[in-house]
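Participant: Turn this into a structure:
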Amino acid sequence: MEQRLTFITLGVANLKESIGFYENNFGWKPSAMSNEHLIVYELNGLFLSLYSRNALAHDALVNPDGSGFKGFTLAHNVHSEREVDDLVNHLRNKGVKVVKEPQKVFWGGYSSYVSDPDGNLWEIAFNPYLKLE
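Facilitator: Got it, this is the predicted structure:
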């Protein structure tokens, strides 16, 4: 099997609220693949989609119940520590919940965590080992 990840789909409690979060706070625009039930954002060759949590669980034939830490995070990497600080402050000013303030981290980088309306954690990070375009 090829090493490939194409879509990340988040099952969300309130699709309208989640659309507002990603479009108003992150400034993202939905792709042409979106429809009234599924919102898709194209992210540098990867797609993040938002879909009703209950409908997604139904599609996967699993129970939609569950809460707390989901066991994964999503990351948005920037070019410098200063960019982490600036972006986190920008998001905070828009009302986004900051879970962890920006700080140096064990792996040699600098990061913060923010939360979307469903508690999905986004790491805002500068990774000195990652070369961004």
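Participant: rest of the way, CA atoms for contacts and neighbours
Facilitator: Will do.
Participant: Could you check how far R92 is from L56?
Facilitator: Plainly put, R92 is 30 Å away from L56 if you go by CA to CA, to the nearest Å.
Participant: quick one: which of these two has more around it?
Facilitator: L56 (18 against 14; other CA atoms under 10 Å).
Participant: Where do the strands of the chain begin and end?
Facilitator: Here the chain has its strands, by DSSP state E, at 7-12, 38-43, 46-52, 74-78, 97-104, 110-115, 121-126.
Participant: would you list those in JSON lines and tack on mean neighbour count and mean pLDDT?
Facilitator: As requested, these are arranged in JSON lines below (neighbours: other CA atoms under 10 Å; pLDDT from 0 to 100):
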{"stretch": "strand 7-12", "mean neighbour count": "17", "mean pLDDT": "94"}
{"stretch": "strand 38-43", "mean neighbour count": "18", "mean pLDDT": "96"}
{"stretch": "strand 46-52", "mean neighbour count": "18", "mean pLDDT": "94"}
{"stretch": "strand 74-78", "mean neighbour count": "15", "mean pLDDT": "94"}
{"stretch": "strand 97-104", "mean neighbour count": "16", "mean pLDDT": "96"}
{"stretch": "strand 110-115", "mean neighbour count": "21", "mean pLDDT": "95"}
{"stretch": "strand 121-126", "mean neighbour count": "23", "mean pLDDT": "95"}
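Participant: export those strands to JSON lines and tack on distance to G66?
Facilitator: JSON lines is the format used below for the strands of the chain (distance: least, CA to CA, whole Å):
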{"stretch": "strand 7-12", "distance to G66": "11"}
{"stretch": "strand 38-43", "distance to G66": "21"}
{"stretch": "strand 46-52", "distance to G66": "14"}
{"stretch": "strand 74-78", "distance to G66": "19"}
{"stretch": "strand 97-104", "distance to G66": "20"}
{"stretch": "strand 110-115", "distance to G66": "17"}
{"stretch": "strand 121-126", "distance to G66": "16"}
